[in-house]
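A.B. asks: Sequence plus the predicted model coming up.
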Amino acid sequence: MEQVSENKRQIIEALIFGSDEPLTSRQIIDILWSSDNSGPRLRIKDEEILTIIRELNADYVQSGRAYRIIQVAGGFQYATMPEFAEWLGRMVKEKARRKLTQATIETLSVIAYKQPVTKPEIEAIRGVNADYAIHKLLERGLITIVGRAATPGRPLLYGTTQDFLKHFGINDLAELPKPREIDEIMADHGMDMERELLKRMGKTEEEISEQLGHTVVGENGQLHTLPPKEDQNSGEVTDLDSDQERK
């Protein structure tokens with residue numbers, strides 16, 4: 001028991017380091033004294049905890065560590081020194097740049113709208129293997145395992161998390177856009193793109209208004225005018241760039 005008592009300092013250091021939120025003195029005292037299966041117990045007082053934290057910080061200063069134990073929100077937690085804020089900010093920005101890929105977005109959409117849903121169901125809808133996308137979404141905390149399906153093999157069921165709601169700025173899954181609304185959003189986005197392309201081609205606002213909705217971007221990246229409805233069966237389109245060159 002004496003050997004365990006000598007490790008109080010290391011135990012407190014480990015507890016504060018391992019906690020994802022500020023750890024109060026009361027919590028530390030309770031953790032050290034609680035015991036399951038007749039494990040070791042340690043008595044400690046508030047003053048002793050404060051002394052140990054001061055000693056730990058003194059060691060960090062002496063060894064030139066980039067962190068300290070600070071007191072915040074009524075508890076103790078590790079924090080990096082202010083002079084490293086610039087570097088940590090760059091790290092956060094770098095993480096933010098690692099956006100979801102098209103594959104993970106498609107998989108996340110299936111899960112969001114079909115949850116709870118199994119991997120075989122996701123793959124049946126998308127037509128491709130979903131292992132990597134599911135792994136990445138689990139890693140990002142956007143989805144979680146919510147149970148097992150009552151089907152042969154008892155496959156895992158996936159659903160979205162609270163972090164999913166935070167990521168997309170919504171309070172409830174009911175706020176997700178309906179499929180019809182998504183079509184309207186995509187149509188509006190396409191119209192904006194068409195307007196911008198026509199503007200770059202030097203078209204006036206009047207010409208843009210006349211041609212808007214009657215053009216399409218071809219595989220070569222050029223804007224083509226759609227034929228009148230009666231001629232659409234012929235499959236012919238007019239290259240606006242070519243027309244402009246001929247003029």
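C.D. replies: Sure, I can see it. Numbering: from 1, shown residues only.

A.B. asks: C-alpha only now, for contacts and for neighbours.
C.D. replies: OK.

A.B. asks: Same question for Val146, what's its three-state structure.
C.D. replies: Val146 falls in the strand class when you classify it by DSSP: H, G, I helix; E, B strand; the rest coil.

A.B. asks: list the contacts for it?
C.D. replies: Counting by Cα atoms under 8 Å, 6 or more residues apart in numbering, Val146 touches Pro116, Leu156, Leu157, Tyr158, Gly159.

A.B. asks: Do you have the helices of the chain handy? List them.
C.D. replies: Taking DSSP state H, the helices of the chain run over residues 2-6, 8-18, 25-33, 46-62, 85-97, 102-114, 119-126, 131-140, 162-168, 179-200, 205-211, 240-246.

A.B. asks: now for the fifth one, which elements pack on it?
C.D. replies: This points to helix 85-97. Contacting helix 85-97 under the criterion 3 or more Cα pairs under 8 Å, 6 or more residues apart in numbering; DSSP states H and E is no other helix or strand.

A.B. asks: Quick one: mean pLDDT over it.
C.D. replies: Throughout helix 85-97, pLDDT has a mean value of 77.

A.B. asks: got the CA coordinates for it in PDB?
C.D. replies: Only the C-alpha atoms of helix 85-97 are listed here, as PDB (Å, rounded to 0.1, in the frame of the first residue of the first chain):
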ATOM      1  CA  ALA A  85      -1.200  29.500 -30.100                       C
ATOM      2  CA  GLU A  86      -0.100  30.400 -33.700                       C
ATOM      3  CA  TRP A  87       1.100  26.900 -34.400                       C
ATOM      4  CA  LEU A  88      -2.000  25.300 -32.900                       C
ATOM      5  CA  GLY A  89      -4.200  27.600 -35.000                       C
ATOM      6  CA  ARG A  90      -2.400  26.400 -38.100                       C
ATOM      7  CA  MET A  91      -3.100  22.800 -37.100                       C
ATOM      8  CA  VAL A  92      -6.800  23.500 -36.600                       C
ATOM      9  CA  LYS A  93      -7.000  25.100 -40.000                       C
ATOM     10  CA  GLU A  94      -5.200  22.100 -41.600                       C
ATOM     11  CA  LYS A  95      -7.700  19.800 -40.000                       C
ATOM     12  CA  ALA A  96     -10.600  21.900 -41.300                       C
ATOM     13  CA  ARG A  97      -9.200  21.700 -44.800                       C
END
